[in-house]
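Undergrad: kindly generate the corresponding structure for this input.
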Amino acid sequence: MTQANPQTNYLRTRVMTAGPAELRLMLLDGAIKFAMQARDGLNAKDFEAVFNGVTNCRNIVVELMTNIRPDVEPTLADRVKALYAYLFMELTNASMDKSVEKFDAVIKLLEYERETWALLMQKLGTEKAAPAAQPGSLAASA
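TA: Now for the predicted structure:
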């Protein structure tokens with residue numbers, strides 16, 4: 001039996017201990033990484049890297065799309081699903097057209113989505129901590 005790579009062990013532990021919001025952020029990070037891999041592969045004329053990057057990025061986009069909960073905010077869920085469907089389509093088009101510009105556009109949208117998600121997580125974390133510090137709350141009076 002071979003010992004697993006320390007990086008693999010770290011990533012496995014990180015995934016297993018992350019909450020849903022953190023997992024979504026990690027998926028966005030992975031999608032960005034693989035889209036960049038595909039773009040860089042295209043620049044280097046390494047078509048195997050393009051194929052692997054596009055395939056992995058599209059798999060992540062599908063995972064992100066299928067885990068949206070429409071029961072919370074149906075209109076927003078539909079808009080986000082449409083964004084992910086667009087990203088999936090553009091990844092395919094970028095690969096077929098061998099277009100660095102299309103890969104760059106996908107990466108820009110993924111980075112924007114990641115930044116938005118990170119800001120939301122930060123805001124929710126601040127709001128969660130704020131009630132404990134407000135005067136008159138149970139935590140403040142204890």
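
Undergrad: tell me the contacts of D104?
TA: By CB atoms under 8 Å, 6 or more residues apart in numbering, the contact list for D104 reads R39. Where you see a C-beta, it was placed from the backbone N, CA and C, and this is true even at glycine.

Undergrad: which residue packs closest to the residue at minimal distance from the centre of the chain, ignoring adjacent ones?
TA: Residue closest to the mean C-alpha point of the chain, counted by CA atoms, centre = their mean, is L28 at 1.3 Å. Counting by CB to CB, 6 or more residues apart in numbering, R114 is the residue found nearest to L28 once chain neighbours are left out, at 4.1 Å.

Undergrad: picking that back up, now do the residue nearest to the centre of the chain, the pLDDT please.
TA: pLDDT for L28: 97.

Undergrad: that one contacts L64, correct?
TA: Yes - counting by CB atoms under 8 Å, L28 does reach L64; the two are 7.3 Å apart.
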